[in-house]
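Asks: I'd like to go over a predicted model; first the sequence, then the structure.
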Amino acid sequence: MNRTWLLIKTILKMHYSRAGKSNSQIGLLVVAALFLIPLVFFYLSSLREIINTLYDALNPLGQETVIIGLLFVVMHVLLFFMSFITVLSAFYFAEDIISFLPYPFHGYQLLLGKSAQPFIYLYITSAAIYLPAFVYYGNAASASFFYYIIGFILFILLPIIPFSIASILLMFVMRFVNITKNKERSKIIAGIASLSFIILINVVVRLNTNTEMMMQDVASYIQEKDGLLKLITSFYPPAYFSTMALASGGLLFFLGILILTGIAFLLFICLGQIWYIKGLLGTGNKKSHKKTTGTVSKHIKKRPVWLSYIRKELLVIFRTPTFLMNCVIQSLFAPVFLFIIFMLDSGTSVTGMMDIFSTKEQLLVLFLASMFILGANATSYTSLSREGKDWNSNLFLPLQPKQIFYSKIAVAWIINLIPIGLILAACIFAFKLSFTLTFIWLIIVLLSSWFTSMLGTYLDLDNPKLNWTDEQEVFKTRMIGLIAVIIEIGLFGLLVLLVWNISFIQGLYLTSGILLILLVTAILIIDYLLKSKLKQNAHQRI
Amino acid sequence: MIEINDVSKDFAGIKSMNLTIPDGKIIGFLGPNGAGKSTTIKMMTGILPIDAGTITLNGFDIEKEPIQAKQHIGYVPDQPDMFLRLKGIDYLNFIGDIFEVPETTRKERIERLTTQFNIYEALQDYIQTYSHGMRQKIIVTGVLLHDPDIWILDEPLTGLDPKSAYMLKEMMREHAAKGKTVFFSSHGLEVVEQLCDEVAIIKNGELIFYGGLAEMRKQFQTNQSLEQVFLELTSDE
């Protein structure tokens, strides 16, 4: 046990090491926290409002337990997906695990060591959603002290079952299916598969929803006490047991969920001991060299320096699975979702939603939504950090710092063209916006993309993470993405709100003119800040 | 020519270092671990800023005219784990573009050098799949591709197989024979003894000797090997 504990501590220490980090990050965190406070208040009060309203509506029907049931189902599904992604990278693809293999550790010890960090994410997620929701439900139901005790114990148990199921499935696949033969490709396949799976569920749910039949089902279940709960948790006993333990104070159900969690954890440990190391051994292999056939001279081409630099950056992004997933594929999430929702709903209320707005408001809504999607793209705020130890090469090669940074901004801008293309398709096919509005939006969004790319790159120069051993570290355990979005949305959200409410700003041309002026000003400000930082040789002092 | 004038770097304990390295020489840069060798090399190549003093490369100040200065140097870092996601040929093309090497020269040099280094057949593979020695060779090829006047090499022979190490040493001799400069750090004292015209020895950030091996023996009135002199010079007693 001591050894397991030592391993967990060491792995966590390595993961959260502050080696090479500057203190300016703390300042940025404080700024981010200040921005977040109103959001947290808004989130908590909305959650309380939702739960109170639902409780008041469902309590007279004897169906209030469905709220807790829904909470558990949502939490388990969410934690399962989160586990799936974190387990794959933590158990198999993080480079540090290979360095532990020569030491005398059991498979289950390594497994527990590597589980600690995904578990922290799962607990943070649970704490953010489950804890306030169960407390508000308790308040609404005037629950006893006992309810809160049970609720807290269930919080401790919550991530174990979804994590164990996801881990066991993955360990089985890694042990018996030969995807580890090509580690690089399997990382991309796993990422794309989880994205497609989520989209597929969305499509299936949307296509199969027969409102009339569903209402009949609901009506029949509603006759019985806790009937709705049974309806939504029937396919998944842990959610049913947890709900009954919490909402009805059923000690037998509480015992049941304890036993279920215990079994899941034991299975995870036992199967891990058998499968984990064997599955892991295949992942460290490098591909053998293929002989170059023919002449290489046809691949030798001269290009201008800026083009060569941009090409190098793009090659690195597209050839590094973690970068490809985080910079390109994840940036498609939001637009693909929007596209599917609006395409499947075309002609119904959602598509018609745009019609309730004036042209000015349509432009402002589209502008802010696009700004959010572009701002969330990780390419810009990992411009320097992606390079890791390669960063030095930018310093000893004869390249102007300005050239390096503008090329990096251009790379983020180019990657942004992919989500922009998708939103454009949504504008044309789903929203059926006019040509003029779409065209003006396109110009504005291309400028917004330059702004978000510049701001992200600037923030990364201010606080880069170059000392990584695993590419995941560039994206995780960093607040920079959140800070970028908060600045972009905070600033432009406020400006949009102003423009929205100023009555003399009307019509497409005036509104777009104002947005363009604001964007150009923002770009010039960041450009000035970036240049002054480069003048102080900030790029050399990292 | 490399001129280091009154250079200081606080965190490495380097204080007012002065060193002038003339053209046409191979200079070995020696010192115990943590003496300040890599820091000095990083200041020479523009990776680290200089706290005080100046460094000029062929007359160009590395801080005031960095681009011109860097055009004259070829640098091989101590860790060749760079550009791992690029294919060998992508990397060489990238370096060729940055140093504006004409296409015909580029083709001839890439084919000749990579064949000599025995990595021609791996050019279409990702550098990530290369062994340590192969990575070292592709970086050295990148340096030779643009034929700079000054070579600055940090532990260049580490990880090279005997044949490649021999070739690189021969190339260093040829380069110096053409009246150009080779400056390299090493822990391999035998290599330094057989290859270098002059050695610079640094200890705790201070240059404690610079000159030829014969001069060193004369100064310390000994016929001992470089290894023994080095150990005596750098011991803490």
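Replies: Looks like it arrived, so ask away. Just so we're clear, the structure is a prediction, and the values are computed from it rather than from any experiment.
Asks: burial count for A:Val87?
Replies: Burial of A:Val87, expressed as a neighbour count using other C-beta atoms under 10 Å in any protein chain shown, amounts to 22. C-beta coordinates here come from the backbone N, C-alpha and C atoms, glycine included.
Asks: which SSE is it in?
Replies: A:Val87 belongs to helix A:65-87 when assigned by DSSP states H and E.
Asks: Need the three-state assignment for B:Ile55.
Replies: Three states are possible here, and by DSSP: H, G, I helix; E, B strand; the rest coil the one that applies to B:Ile55 is strand.
Asks: so how far is B:Thr56 from the residue lying closest to it once chain neighbours are set aside?
Replies: For B:Ile55, the nearest residue in space outside its immediate sequence neighbours is B:Ile62; the separation is 4.8 Å by C-beta to C-beta, 6 or more residues apart in numbering or on different chains. Between B:Ile62 and B:Thr56 the distance, using C-beta to C-beta, to the nearest Å, works out to 7 Å.
Asks: Please report how far the residue nearest to B:Asn223 when sequence neighbours are not counted lies from B:Phe230.
Replies: Leaving out its chain neighbours, the residue that sits closest to B:Asn223 by C-beta to C-beta, 6+ apart is B:Arg217, at 6.3 Å. Separation of B:Arg217 from B:Phe230 (C-beta to C-beta): 12 Å.
Asks: any idea which helix or strand carries the one residue sitting closest to the centre of chain A?
Replies: Centroid-nearest residue in chain A, with C-alpha atoms, centre = their mean: A:Gln330, separated by 7.6 Å. Here A:Gln330, judged by DSSP H and E, is contained in helix A:330-344.
Asks: Give the rounded mean pLDDT of that helix.
Replies: If you average the pLDDT over helix A:330-344, you get 71.
Asks: next one: the helix or strand containing A:Ala128 to chain centre, how far?
Replies: Counting by DSSP H and E, the element that carries A:Ala128 is helix A:107-140. On the basis of C-alpha atoms, centre = their mean, to the nearest Å, the separation between the geometric centre of helix A:107-140 and that of its chain is 17 Å.
Asks: And the closest residue to A:Leu366 other than its chain neighbours, its phi and psi?
Replies: For A:Leu366, the nearest residue in space outside its immediate sequence neighbours is A:Trp441; the separation is 5.3 Å by C-beta to C-beta, 6+ apart. Dihedral angles of A:Trp441 (phi, psi; degrees, to the nearest 10) stand at phi -60, psi -40.
Asks: and A:Trp441, what is it in contact with?
Replies: Listed by C-beta atoms under 8 Å, 6 or more residues apart in numbering or on different chains, the contact set of A:Trp441 reads A:Leu363, A:Leu366, A:Phe367, A:Ser370, A:Cys427, A:Leu433.
Asks: ok so, going back, for B:Arg217 and B:Phe230, indicate the residue with more neighbours.
Replies: Looking at B:Arg217 and B:Phe230 with other C-beta under 10 Å, you find the greater number of neighbours at B:Phe230, namely 22 against 15.
Asks: Quick check: A:Thr469 is in a strand.
Replies: No. Per three-state DSSP, A:Thr469 lies outside any strand segment and is coil.
Asks: Now do it against A:Leu110, distance only.
Replies: Distance check for A:Thr469 against A:Leu110: by C-beta to C-beta, it reads 17 Å.
Asks: now A:Leu374
Replies: Remark: distance between A:Leu374 and A:Leu110 (C-beta to C-beta) = 40 Å.
Asks: So the two - more neighbours on which side?
Replies: The residue with the greater number of neighbours, taking A:Leu374 and A:Leu110 and applying other C-beta under 10 Å, is A:Leu374; the counts read 30 against 23.
Asks: correct me, but that one touches A:Ile423?
Replies: No. Under the criterion of C-beta atoms under 8 Å, A:Leu374 lies out of contact with A:Ile423, with a separation of 9.3 Å.
Asks: who touches both of those two?
Replies: Common neighbours of A:Leu374 and A:Ile423, using C-beta under 8 Å, 6+ apart, are A:Val445.
Asks: ok, which residues in chain A are in contact with chain B?
Replies: A:286-292, A:296-297, A:299-305, A:307-309, A:312, A:315-316, A:319-320, A:389-390, A:392-393, A:395-400, A:537, A:540-541 (C-beta under 8 Å from any C-beta of the partner chain).
Asks: quick one, helices of chain B?
Replies: For chain B, the helices identified by DSSP state H occupy B:37-44, B:66-71, B:88-98, B:103-116, B:132-145, B:162-177, B:189-195, B:213-219, B:226-234, in order along the chain.
Asks: With mean pLDDT added, can I get these in TSV?
Replies: Rendered in TSV, the data for the helices of chain B read as follows (pLDDT from 0 to 100):
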stretch	mean pLDDT
helix B:37-44	92
helix B:66-71	92
helix B:88-98	93
helix B:103-116	93
helix B:132-145	92
helix B:162-177	89
helix B:189-195	87
helix B:213-219	81
helix B:226-234	78
